[in-house]
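Colleague: Sequence first, predicted coordinates after that:
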2 protein chains.
Amino acid sequence: MKKLFFLMILCLAGTVNSQEDAEQMDKIYKTALTEGKAYDWLNHLSNQIGGRLSGSVQAQQAVDYTKAELESLGLDKVWLQPVMVPKWVRGTPEFAYFETAPGQSTNVSVCALGGSVATPVGGLKAELVEVNGIEDLKSLGREKIEGKIVFYNRPMDPTVISTFESYSGCVDQRYSGAAEAAKFGAVGVLVRSMSLKLDDHPHTGSMSYGDTPVADRIPAAAISTNGAELLSTTIKLNPKTRFYLRQNCKQFDDVESYNVIGEITGSQFPNEIMIVGGHLDSWDLGDGSHDDGAGCVQSMDVLRLLKKTGYKPKRTIRVVLFMNEENGLRGGNKYAEVAKNKKENHVFALESDAGGFTPRGFSFDCSEANLERVQEWKKLFEPYLIHMFVKGYSGADIGPLKNQDMVLAGLRPDSQRYFDHHHAETDTFEHVNKRELELGAASMASLIYLFDKYGIIPNNKIKG
Amino acid sequence: MKKLFFLMILCLAGTVNSQEDAEQMDKIYKTALTEGKAYDWLNHLSNQIGGRLSGSVQAQQAVDYTKAELESLGLDKVWLQPVMVPKWVRGTPEFAYFETAPGQSTNVSVCALGGSVATPVGGLKAELVEVNGIEDLKSLGREKIEGKIVFYNRPMDPTVISTFESYSGCVDQRYSGAAEAAKFGAVGVLVRSMSLKLDDHPHTGSMSYGDTPVADRIPAAAISTNGAELLSTTIKLNPKTRFYLRQNCKQFDDVESYNVIGEITGSQFPNEIMIVGGHLDSWDLGDGSHDDGAGCVQSMDVLRLLKKTGYKPKRTIRVVLFMNEENGLRGGNKYAEVAKNKKENHVFALESDAGGFTPRGFSFDCSEANLERVQEWKKLFEPYLIHMFVKGYSGADIGPLKNQDMVLAGLRPDSQRYFDHHHAETDTFEHVNKRELELGAASMASLIYLFDKYGIIPNNKIKG
C-alpha cells in the first residue's frame, strides 16, 4: 500500500534519479566549499556595514549592497519591494547600577529592549521585586509591585537539548514582561538575558506594550546573565537593594525600507514560485552575523550555486532578503500581501534564520505526503552528515505566505552556541565558521534543487 | 532471520528495557547539563596549567591535578601508572623570513615540528623547492633538491566533509616529509600547516626521521596557511627566493611520567573491564583544550555522572588519562602492555580525542554483531541529536588494546572547526563551548551505561 502510494507520487512528480541527484548535490557541495561567496558577503555585511536595525543607515546600506551583489550574479530579475518599517533608536549607551546602601553601588551591564520607552532623563531608581515569570505577578499583587522594578529572572532551561525550545520557554518575560508588570504599578522591568551562557553581555530583543496606554508604558531593559545572578544573590541578602537605570531610546515614525529580491525565472513552470531567504535587518548591538546575516548570504549563494553548477530550474526560484524580522515582521507580511494581490503561486519557501552553524537538517511545515517525499531524500543528504528531517516550525518571515498546499521549510543548524550570541554584542563575524556557513548554503541549495526537480505534491492530488 | 538473530542476542545479553534506559539516559544528560564538572576541570587544565607536552612541568602538574580530582570523586581506586616518555623542548621562539633580494625580506609565522632537530645556531638560509607532496621528490630528483629547503604545500582538501579524512590525506608531508627530503639532499623542510582555515597561526605536530642517521637529520617547521600562500606566490614570481629559518628545539633523554587511572569496580563482573579515556598530554603552543583536554575531562565526568545518577556498574569501569599520545603513544602502549601482563580482560574501550564540539555520534571498531547491537540503541540517542553510529577508527590510545572480542569506540563530535585549532596556539579554552562539551560527556556516559548493562557479544558466542 505504501509502495503504491510512493509510485503514485513518482508518477506525479517525475522519476527519481538518485545517481543524477547525487552528482548534482556533489557539485553543489564542492562548489560551495571551494568557490562559495557566502563568507565574503557576510564579511562585508558584518564588518563594512555592521548592525542593521530597521530604519537605520546601515539597514539601507545593506539593501543597496545586497541588491548590487545580486545584480552582479546575472539573475533574470532583481528588485526592491518597498515596505514601511518601525524605526526605534537606542540612543546613548544605557547605564545601570544597584545600590545596597547609599554610596555602595555596583555597576551592571544592561541594554534597552527593542521598542522600550526611555527612562526619565535623570534615570529611574527603585527597589526590585524578583520574579520567576509573568505568572508570579498576580500572586504578589499590586501591593508588592507598585513603585518597584520587576526583575524577571527565569533562566533558559539548560536541560532542553534544542536551545530554541529553551528560548521559547523564557521569551514571554522579555516580550510581554513590561506590559504585564505595568498593570500592577511597576515603574520598570529588568529581564535576565535570554542566554545559556554566564557572561557580561546583555541580550536585547523585541518587546511589546500590547494595549498599554502610552502614559502607562514603563522602561524595559535586559541585564547580562552574570549581572542577573549577582543581582539575585544581592536581593536575597539585602531585599531593600535599589536599582538605577538610565536609557534614552526612542521610537520614531515609520520609514520606508525594502525587501531585496532576486529571481531565476523557471524554464518550465515559471508561475510556480519557490523562495529562499533570511532577514536583512538585525539588532544593533553586534553586527548581526549569525542573526541573520548568515541566512541572507546563504540564500544569495543558493541561487549562485545553482547557476554555477549549471542547473536550470524548472520553477521560478527567488531569493528574498526580508526587512524588519526583528521588530515588526513588516517585510514578511508585505511580501505575502503583494504575492496575494498579484495572485502569485508560491509552492515552496525555505528560511535560514537559526545561525550559520553546522547544518543538521531541516524542519518542515507541510502535508504528510510532502514530508514522506522528503524522507525519501534522506539518503542523498547522508554523505553530508545531514540527518534531521522533521515536522516543525519553518521561519518567521515566510510564515505569512503559508497555505495548505505549499511546503515551508527551515534550515536547522546546530543550536548549542546560537543563544550565546543572539541579539548581543557578541553576534559578530569571527563567531561564524566559513565551512559551517558554506555547508548550510549547500544543504539549502540541494533541498531547493530536489523540490524544483520533483515538485510539490498539492493537497488536492492526494485527496483525489 | 534477522529477528531470530536479534532475539538470540537478547537472550545472551539480558532483556533490553527501553523505558528504563531512556530514563537513565535522561538523568545522565540532565546531570551533565546542570551539574557537569567537565568545563570546570577543563578551565583548570587550560588556564591554570596550560599546554602539557610530555615530559614538561605542565604535564606533571596535570597528572597531579587530575589524580587529586579523581580521588575526590569517591571512586573505588585511583592510581598512577608509570611510563617513560620522550622529552622534546621547543626552546626560544622560532624565527623565519623569506628574501626575494638581499635586504628585501618578509617575516612569516613558523613553528618547529615536534621531534625536529634545531637549525644551526645562526639559522639556515637556502632556496626553496615547492612540492605538492612526497611523491614529487622522486621526479624532481637530487639535482633540483640538494641544498634546498623543500616546501610541502599540499593543502587539506576542503571538499571532503569529514575534516579528519582531509587531514589524513595531508599529514604524511608533516610526519615523513623531512626523512624523505633528506634522502635527496634537502637541508630543511617547511610544511604547510594542517588547517582548512587561512590564518597566521602555524600548527605543529609529530614528525619522524624514521631510520635517517642522526647526522643526516634536517630541521622541519610548519608555516601558517597564510604564510604558505604568500610564499607560494612569491616563489612563482621569484624562483630564487631564499628562506631563513632559525629554531633551537632539542630532544632530551626520556623521563618518567604517568597514565592517570581511576576505577569503579564492577558489582557483578569485576573482571570485565571497560575503559573510557583521552590523552592528558598536549602540544605546547596553545593550552590543549580541544586536543585533548576535552576528552580527559569528559572521560572523568563519565564516571562521576554514573555515580551521581545512582548507577552501579556491573562491570569495572575505568577512566584512563593517557600520557604522550602526541609524540610517542607511550601511555597507550604501556597501558596495553600492563593489561596483557596482568591478563586483564578488557571488553570495551571508548576514546574522546576529536575535540569538545557538539557530539554527532560514535564510530566503532568491533564485530558486526556488536555493531548491530549498537544500531538497536540508536533510538535512545535520537532525543539528544546523536545520529551517527558507524564502523570506523576509534582512537590512538586505546588502539594497542585491540583484540577480536572487544569493542573499541570513538566519540565523533562535529569536525568542521577542529583543525582551525588543532596543534596551534588557538587551541584554547575560550574555543570550547560548555554545552557542547557536556553533551559529549553525557553521550559517552550513556554509551558506557548501555554496554555495561547489556554487555559485549564475544566472537565465540556468534560463531557458536
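Modeller: Looks like it came in fine. Small disclaimer: the values here were computed from a predicted structure and weren't measured.

Colleague: Identify the residue spatially nearest to residue A:316, adjacent ones excluded.
Modeller: Spatially, and ignoring its direct neighbours in sequence, residue A:316 is nearest to residue A:266 (4.2 Å; CB to CB, 6 or more residues apart in numbering or on different chains). Any C-beta I mention is one placed from the backbone N, CA and C, and that applies to glycine too.

Colleague: right, I mislabeled it, should have said residue A:60
Modeller: For residue A:60, the spatially nearest residue (CB to CB, 6+ apart) is residue A:257, at 7.1 Å.

Colleague: Angles on the backbone of the one you found, please.
Modeller: phi -140, psi -160 (degrees, to the nearest 10).

Colleague: Run through the bridge partners of it.
Modeller: Applying DSSP bridges to residue A:257 gives these bridge partners: residue A:83.

Colleague: hang on, isn't it packed against residue A:55?
Modeller: Yes - under the criterion of CB atoms under 8 Å, residue A:257 lies in contact with residue A:55, with a separation of 6.6 Å.

Colleague: Show me which of the two is the more surrounded one.
Modeller: A side-by-side neighbour count of residue A:257 and residue A:55, using other CB atoms under 10 Å in any protein chain shown, places residue A:257 first with 28 against 25.

Colleague: For that one, give me its contacts.
Modeller: Taking CB atoms under 8 Å, 6 or more residues apart in numbering or on different chains, we find residue A:257 in contact with A:54, A:55, A:59, A:60, A:63, A:82, A:83, A:84, A:85, A:323, A:324, A:331.

Colleague: Try it again at 10 Å.
Modeller: Applying CB atoms under 10 Å, 6 or more residues apart in numbering or on different chains, one finds that residue A:257 lies in contact with A:54-56, A:59-60, A:62-63, A:80-87, A:280-281, A:323-324, A:330-331, A:334.

Colleague: Separate out the buried members of those residues.
Modeller: Applying a neighbour-count criterion of 16 or more other CB atoms under 10 Å in any protein chain shown, the buried members of the contacts of residue A:257 are A:54-56, A:59-60, A:62-63, A:80-81, A:83-87, A:280-281, A:323-324, A:330-331, A:334.

Colleague: Could you tell me which of the residues you listed belong to strands?
Modeller: In strands, defined here by DSSP state E, the members of those are A:80, A:81, A:83, A:84, A:85, A:86, A:87.

Colleague: Give me every residue in the stretch 1-150 of chain A lying close to chain B.
Modeller: Within reach of chain B by CB under 10 Å from any CB of the partner chain, the stretch 1-150 of chain A has these residues: A:26, A:29, A:30, A:31, A:32, A:33, A:34, A:36.

Colleague: what ranges do the helices span in the stretch 201-350 of chain A?
Modeller: A:225-237, A:294-308, A:330-341 (DSSP state H, counting those that start in this stretch).

Colleague: Among these, which comes closest to chain B?
Modeller: When these are compared for distance to chain B using CB to the nearest CB, the nearest one is helix A:225-237, at 12.3 Å.

Colleague: So what touches that closest one?
Modeller: When contacts are defined by CB under 10 Å, 6+ apart, helix A:225-237 is touched by residues A:96, A:98-100, A:106-110, A:127-130, A:151-156, A:190-203, A:222-224, A:241, A:243.

Colleague: what would the ones in strands among the buried ones among the contacts of residue A:257 look like in TSV with pLDDT?
Modeller: Formatted as TSV, the entries for these read as follows, by pLDDT from 0 to 100:
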residue	pLDDT
A:80	98
A:81	98
A:83	98
A:84	98
A:85	98
A:86	98
A:87	98
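
Colleague: okay, now the residue in the stretch 301-450 of chain A that chain B sits nearest to: neighbour count?
Modeller: When distances are taken as CB to the nearest CB, the stretch 301-450 of chain A approaches chain B most closely through residue A:387, which lies 4.0 Å from it. When counting by other CB under 10 Å, one arrives at 17 neighbours for residue A:387.

Colleague: Quick check: the gap between it and residue B:158.
Modeller: As judged by CB to CB, to the nearest Å, residue A:387 and residue B:158 stand 22 Å apart.

Colleague: What of residue A:442?
Modeller: With the distance defined as CB to CB, residue A:442 ends up 12 Å from residue B:158.

Colleague: Of the two, give the one with the bigger neighbour count.
Modeller: In this view residue A:442 and residue B:158 are compared by other CB under 10 Å, and residue A:442 has more residues nearby, 29 against 17.

Colleague: can I see the domain layout of chain A?
Modeller: According to automatic domain parsing, chain A is divided into the following domains: A:2-85+A:253-463, A:91-248.

Colleague: Contact partners for residue A:222?
Modeller: A:94, A:109-114, A:116, A:152, A:173-174, A:189-195, A:201-205, A:207, A:228, A:423-424 are the contacts of residue A:222 under CB under 10 Å, 6+ apart.

Colleague: and the gap between it and residue B:141?
Modeller: Spatial separation of residue A:222 from residue B:141 under the definition CB to CB is 67 Å.

Colleague: Then residue A:322?
Modeller: 61 Å.

Colleague: same question, residue A:282
Modeller: In this structure, residue A:282 and residue B:141 are 58 Å apart, going by CB to CB.

Colleague: list the buried ones in stretch A:261-276?
Modeller: Buried residues in stretch A:261-276, counting neighbours by 16+ other CB under 10 Å, are found at A:261, A:262, A:263, A:264, A:266, A:269, A:272, A:273, A:274, A:275, A:276.
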